[in-house]
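In: fold the following and give me the result.
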Amino acid sequence: MKFCYKKNILKFFLFLTLILVTCQISLHAQNTDISTQSILKKSISTQKSGMIVLGSWATLNIISGSVGFFSSSESVKYFHQMNTAWNIVNLSIAGFGYHGASRLDPNLGYTEALEKMRSFDKILLINAGLDLAYIGAGAWLWKRGINKSSDRQIGYGKSVILQGSFLLLFDTALYLIHNKNTQKILHLTEQLSFTGNGFILQF
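Out: As a prediction, this is how the structure comes out:
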């Protein structure tokens, strides 16, 4: 009888421990979902703000470029022409980007939210690499225009350098700001580590 009593106590203790661990995991999962939603909302807000900045830059260049094209001559005329054409594309990208961010579901689960945020970070890094290529291409075009005495190529080259430089600063800054949100969502799983044989719960 004494042995059975101790055995029942042990079973009760194991059962109670299991309940506590289960509650802890459930609470962690709920907190993770709440935190995920909060961080994802910040990510969406950051993306929208970035598209507003890009759209504002594009609008300013389209207006100033259009005026400058009709009020200037030689290489400056072509500088404004390229600024206008380039930023019509930028304005379209900003519009689609803002629309895409607006359609993101702020209630996505952890995995989907992390995937979306990492994807946006990756796009910004790829764009930054392309921006460097734009700057290089602009410098080459500018130099070629000087060698050939081409006002068009000189103006276009200067414009591409300017636009590439702005986009490099824009994409880099937006990446650094947005990536902070991505790092925050990654830290949510630090307390719960899964292994091949089960899980390790850290208190």
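In: please, where are all the strands along this structure?
Out: Applying DSSP state E to the chain gives strands spanning 192-195, 198-201.
In: so what's the residue count around Ser35?
Out: Residues lying near Ser35 (other CB atoms under 10 Å) number 15. Quick note: C-beta positions are derived from backbone N, CA and C, even for glycine.
In: ok, it to Leu188 distance?
Out: Look at Ser35 and Leu188: by CB to CB, to the nearest Å, they are 6 Å apart.
In: what about this protein, any weak spots by pLDDT?
Out: In the predicted model, the chain carries pLDDT under 70 at residues 1-34, 189-203.
In: all helices for it, in order.
Out: Per DSSP state H, the chain carries helices over the ranges 2-71, 74-102, 110-148, 151-186.
In: the second one packs against which elements?
Out: I take that to be helix 74-102. helix 2-71, helix 151-186 (3 or more CB pairs under 8 Å, 6 or more residues apart in numbering; DSSP states H and E).
In: tell me how far Leu167 lies from Lys143.
Out: With distances taken as CB to CB, Leu167 is found 21 Å from Lys143.
In: next: Tyr134.
Out: For Tyr134, the distance to Lys143 - CB to CB - is 15 Å.
In: out of the two, which sits in the more crowded spot?
Out: Between Tyr134 and Lys143, Tyr134 has the larger neighbour count (other CB under 10 Å), namely 20 against 13.
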